[in-house]
Each structure stands twice: as C-alpha cells, then as structure tokens.
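[1] what's the 3D shape of this:
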Amino acid sequence: MRLKEIQRTAHQAWSPAGHHPIYLALGTAAQQLDASFNTTAAIEIFEMDFSDPSLDMQLKGSLATTNRLHSIVWVNFGSGADGTGGRLVGGSENGTLTVYDPEAIMNSIGEAVVGQSDKHTGPVRALDFNPFQSNLLASGANDSEIYIWDLNNFSSPMTPGAKTQPAEDISVVSWNRQVQHILASANPSGKAVVWDLRKNEPIIKISDHSNRMHCSGMLWHPDVATQLVLASEDDRLPVIQMWDLRFATSPLKVLENHTRGILSISWSQADSELLLSSAKDNRILCWNPNTGEVIYELPTTNQWCFDVEWCPRNPALLSTASFDGRITVYSVMGGSLKISSSFDTMDPFGTGQVLPPLQVPQPQVQDTIVPPLKKPPKWVRRPVGASFAFGGKLITFENPKLPPVQSPQPVPRQVFVSQVTTETEFLQRSRELQTALQSGSFNSYCQAKIQSAKSDAEQDIWKFLLVNFEDEARIKFLKLLGFSKDELERKVSWLLLDCTAEARTSGSVSPADFFSQTPKENSNFQIPVSCGKISPLKIYYTDGLISQALLVGNFEGAVDLCLNDGRYAEAILLSISGGEELLKKTQQKYLSKQKNSISMLISSVVTQNWKDIVQSCELDNWKEALAALLTYAHPEDFARLCDTLGSRLECEGTEKRCLQACLCYICSGNIEKLVECWALHRDCSSPLGLEDLVEKVMMLRKSIERLRNCEVAVQSPVLAEKLTCYAGILAAEGSLTTALSFLPHQPFQPQSPSTAGPPAFPPPVPSMPAATLSGPQLPPSSSAAGGLPPMPSPGVPPTSFMPPTSSGLGPAPPVPYAPSGSGYPQGGPGAPAVKPFPAPVVAPPPTGMRSQLHCFLTPFHIFFSHEFKERNYRCQQECITRGDLHLFRCHSFLTCRILSLAEFPLLQQLPSEKVQQKEIPPEHMVLKSTFDSLVQRCQLAAGDPQTKRKLDDAAKRLGHLYDKLREQSLSHNILSGLHEISRCVASQNYQRGLEVHTQVVSSSNFSEISAFMPILKVVMTIANKLGV
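    Below is the predicted model of the structure:
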C-alpha cells in the first residue's frame, strides 16, 4: 500500500530505530539528470506524518550541497537522550565524505557540516555503519579503496588490510550483523571479500565461477553470522545468490524470479525471512530467503527502481527510489493502492506548459487492491502470549529465537498450561466446607466456626446452627436465648425459701407449706342462700346469689356474679364445670380486664394465639417471643410465626436486627429467607463474603436434609444465583469438581407461599428406620415414672383424666410441647414438638370400642413402642373378625403412616377408600385434555431416559394445575393465558406458546403459578425440540 510520495531523484536514508518521529533523508543522486538538466544538489529531511491521509511529505529541513551523492546513511552516533539526532554521512561523486548534523539541518541553527574528508580518490559508492559500535563507519570507492572511519576522530581513517589485486571499484561494503569485527566488500565483477579487522587481512574470498555475476548488492544475514547474499546486475544472470562461508565453494541457494538485472536489495532486520529486491524488469519482489519463495510483489510504476530500503523503526514500511524521479513509501501490510503513471501531463522538457490533451492523453488512474504478505511477518507474530481459560487455567506460549538452519524444519513449540489461584483463603475454607459435607462432621465444623468467629453475632449464628445437629434442640435453643429450665428452678426455689422464712417470722403459712397442710378433721360449714336486702356489706348479698345460682345449676350466672365482684379465681373454677364455651368466655373477660405487663403473655399461652405476640411485641423482646414459640407454638405454625418475627426484625434495616432475624430463620429452617436477609445486608460480592453465606446455608440445608432423610432442593432464586456465583468462583480457581457439587441439580422451581417452609411431616420412606423420625424410643404409658400418664398433645388432656362430655368439664390447660429427640422437631428446626397425626373424620364408634381408639390420643413417641405395635395389630384383627372395615381403616391409616406398609402386608390387599375430588369446570376441561395429550405425545416420541423422566415428572406436577382449576382459585389473567397457551399447543405453535407463557409469568403473582408454570414451559420446550 502506497503511503507517501514525492518528486525527487535522490538516494535515501531512514532515521535510526530509536528516532521518533520517523524521518527520511534524501540526497540528490549523482549520475542522474531530470528533464530540466538541473545540476543543483541538496540534502532534505522529510517527516513521515501518517495521520495525514495525503501522499505529501512534510519537509523539515534542507541544506544545499556542492556535490551530488552516490550513497547516504543515517548513523545512530551522537543521538540525544531521547533518541533524536545522530549523524548523516554522504559519499559524493568526487570522493568527498561529509558528515552532517540532521538536527542542525532541520532547525537551521548551528553548523550543519560536522566533518569532511577527501581521502578517497573516486566516487564513494559504498557506505555502512557498524551495528555494534555506531562510531565506526566503512566506506568504499574506486581502486579497491576501503576505509574504516571513527566518527570521534574523523581525520584518521584505517584500512582493513592491503588492497585487493587487481584493483577494482568497490560497489558495496557491509558489516556482519552478529560479529562486530567482520566486514565484507564486493565489486562489480562479482567477487566478495570478507575482512577480519582484528587481523587486518582478508580471511575468505567468494566468487561465481560463471564470471557473469556483476555484483550490485551484498548483505549479511540478520541472524546467521556465516551467511550473506549477493545480487547480480547482469541481465544474463538476474539472480540473488545466498552463500554460506562454511561451504564457500558454491552458492547455498539461488533466488531466481527477476527477468533482468537486480539493482538493489534490502534485508529486513525485524524479520530475516523478508528480503527485498528491485530490478530492471520494473518489479520489486519480497523473498523468503530460507525457502526461495516470492511472498510479495509490490505494484510499481513502469520505471526502474535503483534503491530500496526497509524502515528501521516501523518494520512494515519501505521506501523506493526510481529513475523517474519519485521517492515512494509503501507498507507491506496490504490495502488500496493508486498506481501513478510514469509521467504526468506537464511538459517533460520543463517549459511549464500543460500539453494539449489530444497530444498526450491523461492516463486513467486505476485502483488496485494489493494483497498482504503470504505469511505474517515476525513483528506481527506474538513472541509470547497468555490467555486465561475456564477453570482458572492460564495458557502461555513463547517463540524462542532459534538460529535458522540450512534447511529450516518446523520447530516444535511448547504451550504451557498452568493453574492460577488468586483466592487462597477462599479455597482453603471451601475445602474445609467440602470435607465437612462429605464426611458428615457437621458438629465439629460448627464448633470450629464458633471458636474462630470474629464477633459475638457471628458466634451466635454458628451456635444456633450447631444446635440443629444435637439432641434436645428446643431446650438448647432456649438456653442460647438465655432461658434455662434448671436455672429457673433454682431461682424459684430461692424465692420460695425467702417466702417461707418471712412467713415463719410473721407466723403465717408459707406457700411451700400450704399444700402439705391438710385439715385434720372435716368441720361443718354453712351454705349462704339468704339474700336479704342489699346492705353496705354487699359481700353477703353476692354470696347468697352465687349459692343459689350454683344450687340450680346456673353456672353462667354464678360466673358473672364472681366476675362482677372481682372473684376471678372462683369464676374460672366454676367455668370449668360449666363447659368449654363458658370457660372460653370467662377467660376472655378475665384477660380483657387484666392490663399488666404479663397479661399479654398469659393471654397468648391460654388462647394459643401467638400471632399477636410476634406481630405486636417490642422488638427488644424478640428473644422472649422466640422462646415462647419454641415452647408453645404448634408445629405447623411454628415456621410461619418464626418467619413473621424475623421479617419484623429485618424491616428495621439495621445490621443488628438483621442478624437477629437470621437466628429466627435458622430456627424455622427457612433457607430462602436466611439467604435473602444475609445478602441484603452483607456484602456477598467478594469471594470471602460469599463463602460466609454459603457455609451457613449449607449447614442449615444439611440439618434439614438430616431431618427429612432426603435432599432439599433449591427453591429460591437468590440462593440459586449465589450458589451459581459461588460455583463460578470455584471453577475459576480450578476446583471444578467442588463447583459442580454446589450447582443446583434442577432448574429453579419456587414454591408458593402456602407451601413454603418444611412440611409438617416428611414423606414416608420405606428404607428409613422409625427411630430417625422420632428419636430414641420412650417407655410406654404404663411404665411412666410414678405412674403418671404420658405427656399429652397440645390442647388434649391425658386420657386417664378425660371425663365424658356430659360432665361439663372443659379442656385441659395448654401444655408445653416435649422435646422430640435428635434432629429438628417437626415443623422446622427448633419447632417445639412433633405434631401427632390427626384422627380421621369418622363416625363415633360404639361405646365399647372407645378403649380400642385409645391409640389415637397417645403421644407420638408411643407409636414406636413394641407394645403399641402389638396392641394395634390385635385391634385390626378384631375389626376384621367382626367385619368392621370402617374402624379397621382408621387403624390401617395410622399404622401405614408410621410403621410403613412393609410391616403389614395384609393391609395392601384391602381396598382403600376413594377420595372424592371436585370436577374441573367444563369450560376448563380443554386445558387438561390438551396438556395431557401433549405429554403423552412427547413420551411416545422421546428416546433418551432423561427426557422421559422429565415428562413423567411433568405428568405428576400438572396435577397442581388441575387442582387449582377444581378449586377455581386462579385469576382471570392466568386462565386467559392458559387457554391461549392451549390453543398454541393445539396448533403446534410452541414458540408463540412460550411467548405467552413468559407474559403470564411476568404479569402474575409467581406464588400462584409456581407449582405448574415452570413444568409447562419444560413440556413445550421438549415438544418443540421433538417436533410433535
């Protein structure tokens, strides 16, 4: 590609490689005249401004000279600290050798000529400077004259040795590019002499035996010290010979492509595989000397080019000087080139008049696309390279600089693959976590985290997580919250002892002695029934009314009188006998009148209304609220209530409250809320911050899996995102196996809010032993300590104290749940107890059968005793004998839920009772038929097992959609979208169906559609892929 051009007939020299910007020096050429026969001479320096798109060169300085030049070089001698300056040396036609200061020429200050010598007797056609010592310059002229000049002392040159005989003109001199004391010279007869300046004598002479080798150029190989090339100007032998001094009897290689004699050659110092040559055939060729191949031809004008030069600073640039008076700068990297004609329309004889267009027609300028080099040059090739790859791998390579051999062979290149790790602490903690997850040593891992915790809040979180893997989780949770049963008993004992001492001092009965004192004999008492008149002593009047109400069985009136008179204890005692409804009314009236600091807590304990506590209590009392939930809350409500308390704490927005909310989420087992709360108020963008979150999440997740004995799926988009990011960091650090273990195993399928949190009961697993659900076996009721009955379920009194309904006694007071052994209690980590299985809604059995239903009121842990199994099995056999299948089904239902079907093969043979389901509305039946048909078609067309498993799962999960259709709980927007999807499926337009699916999901409450919309998208995607 042509970049710059100027009308000059001159020899050229590029500024040294360290010089910036790039300059080109031109000295008027000797033995050449233009059409005007002008004999003036000058040295001009032009700047190469490639930001200017024009072809013009910017003249920086000019100096008129007395003689024209045969040769010119720009030496790096005398350059400034910034690399500028140097020396220009010109060899003139009268034998004068002149040294110029280019800075003085460009700036027009100071003396431009800094040295001059006329030692030579003829034209100085050969000049070259030593690449190792820039002060050394070699020159050659007529009569075999060769001088070595020291620019520091220009007046006293030296010779390399005695003149060669017979005496000839020296056409070229060249310093060796590898050995600084070796110099070569050549003459037009084709002979070349190699001089050793240490010996001051020639050491070898080479010549062509054909005697047709008229040498016009000679250059040393840039990399191989013993190789050089000679160019022949003879039209009979237009070749370039490559010689190796180790085999100097004949040329090593001959480059033949020119058809006429070669005028100039130039060897690129940046790439030894690029050798330029210009010849009388008007061609400029670029050779690969190692292979002898022409790899580039520069389109030029129809004129001889007598000088070509590579640019030292920019290796892609070269300049040419032609006999038509043009100096042109090209780039070998290709591009658009406008080829100019040899002459323009000006008068060739210098009259300045434009010739008539009819006499000399103006040639048409053609645009030619010049192809680049056939192979990339070395300066474009990467000497070294590095690239990061997946998995933290670093790929590096380097191209070692090897000396080329005579027959170059492909050199094997090495590529290095190394592992780069930047997060060493992150990897160490990740390995510790993975070791704990694989070995199951969760307790020791949590203990280590507690010891290494940097703050009290961090320590509390790990203590709560540790409790999840220990027995009696509820009691230990309470201890962490600061409520210890043993400590409380000691405080109560101390208080009672103080009261006893005060009572003895005052002579009254102490609370501890009150129940131990019994009356020695029954004394007669009087029943006040007389009302009389209302007197100032109103108490006697009220007593009479209460007595009369009790005698006629009017419990409600008696209770009202007691409440009106402030006798709350008597009112509550009487309401127990008045029935459950009266007791509830009495409790409500009593609690509504009590407004002290403890009344709200008492009200919640009595009414089991913990929703008000968690929603209304002061947030500073969050520990007390959580402790009450741990003690009293129903298992199926526990997780929801803990989440409500945690949400209130989280809404405060402070870091302290958020950490307290995390403790609530740990107790409820809500992984999703824990992740969202932690990620919202802690920095999870850094690897170590993300590691903190993943450690806690995995421990909580493993504790839930330990409870359920099955894997817990990722149900939160935030958690899925964090785990994916965590896996990405691990993969980038090279831990690919560990990264795969943390990736979610299935696409994210969130649950609806109604099903969020752990279920009340895990699904029955046949291979799971019963003890894993309930913890250690407890003794049956008959062997309880002290003959006491077992702990009843919430709100249900012990069986032995349950009076018949007609007695009028109300339900037993609320009883705290007993701990359920190891693992999480049912209802989430830290839930108070395992909820007993509800009895099926059946007609009451005969009176005689009441004892057989005793097992329905038995606490949960008794179900696993050996006696219960035998007794329940005998009850079933009696039912079968009497034909009472209804009662048998009750026993069977309970037994199957707890002991698994494998223990009772007889139960599998009996028909199960059908569950009546509502019908899908007729207008929506088309949805069921369309989607079921789509799944069936996909199952028939699917070939791989993985797709079939997905379709089997889809057939099951679409049942959630049909259930919602039966319940008519879907909004109009969702129903409209489903019908549109159904029409798209019917017409096999699955792409449109997926677009409608996206619109429905983005515009609806995700909790309402999360159970079926994700799998519907999976089915349509599979159908689109299978083309069914």
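[2] Buried ones in stretch 254-270, by neighbour count?
    Neighbour counts over stretch 254-270 (16 or more other C-beta atoms under 10 Å) mark 255, 257-258, 260-268, 270 as buried. C-beta coordinates here come from the backbone N, C-alpha and C atoms, glycine included.
[3] want to try a markdown table for those residues, with distance to S185 and secondary structure as columns?
    Conversion of the buried residues of stretch 254-270 to a markdown table gives the following (distance: C-beta to C-beta, whole Å; DSSP: H, G, I helix; E, B strand; the rest coil):
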| residue | distance to S185 | secondary structure |
| --- | --- | --- |
| L255 | 22 | strand |
| N257 | 27 | coil |
| H258 | 24 | coil |
| R260 | 25 | coil |
| G261 | 20 | coil |
| I262 | 18 | strand |
| L263 | 19 | strand |
| S264 | 17 | strand |
| I265 | 16 | strand |
| S266 | 18 | strand |
| W267 | 17 | strand |
| S268 | 22 | coil |
| A270 | 25 | coil |
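[4] Nearest to Q227, out of these: which one, please.
    The shortest distance between Q227 and any of those, using C-beta to C-beta, involves W267 and amounts to 10.5 Å.
[5] domains for this structure, by residue range?
    Following the assignment in the TED database, the chain carries domains at 2-331, 922-1026.
[6] first vs last residue of the first one, how far apart are they?
    What that stands for is domain 2-331. Domain 2-331 has an end-to-end distance of 6 Å (C-alpha to C-alpha, to the nearest Å).
[7] Repeat that for the shortest one.
    One end of domain 922-1026 sits 30 Å from the other (C-alpha to C-alpha).
[8] i'd like the first residue to be 42 from this point on
    Yes, from this point I'll number from 42; that puts the last item at domain 963-1067.
[9] now it: mean pLDDT?
    Averaged across domain 963-1067, pLDDT comes to 88.
[10] before we move on, what about the first one?
    Along domain 43-372, the predicted local confidence has a mean pLDDT of 89.
[11] mind checking the SS state of D724?
    At D724 the chain is in coil, as set by DSSP: H, G, I helix; E, B strand; the rest coil.
[12] right, I mislabeled it, should have said P453
    Remark: P453 carries the secondary structure label coil [criterion: three-state DSSP].
[13] So what's the predicted local confidence for it?
    Reported pLDDT at P453 in the predicted model: 75.
[14] do the one 4 residues further on as well
    F457 is assigned a pLDDT of 90 by the prediction.
[15] Identify the residues contacting it.
    If a contact means C-beta atoms under 8 Å, 6 or more residues apart in numbering, then F457 has 436-438 as its contacts.
[16] for K652, same thing?
    Contacts for K652 were tallied using C-beta under 8 Å, 6+ apart; they are 682, 685.
[17] Can you check the distance spanned by stretch 1020-1035, start to finish?
    The straight-line separation of the ends of stretch 1020-1035 (C-alpha to C-alpha) is 13 Å.
[18] Could I get the buried residues of stretch 295-311 in JSON lines, plus columns for distance to N650?
    Converted to JSON lines, the buried residues of stretch 295-311 look like this (distance: C-beta to C-beta, whole Å):
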{"residue": "L296", "distance to N650": "103"}
{"residue": "N298", "distance to N650": "103"}
{"residue": "H299", "distance to N650": "107"}
{"residue": "R301", "distance to N650": "112"}
{"residue": "G302", "distance to N650": "113"}
{"residue": "I303", "distance to N650": "108"}
{"residue": "L304", "distance to N650": "109"}
{"residue": "S305", "distance to N650": "105"}
{"residue": "I306", "distance to N650": "103"}
{"residue": "S307", "distance to N650": "99"}
{"residue": "W308", "distance to N650": "98"}
{"residue": "S309", "distance to N650": "93"}
{"residue": "A311", "distance to N650": "88"}
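[19] sec struct for the closest residue to W115 other than its chain neighbours, please.
    If the residues on either side of it in the chain are set aside, W115 comes closest to A54, at 4.4 Å by C-beta to C-beta, 6 or more residues apart in numbering. When classified by three-state DSSP, A54 comes out as strand.
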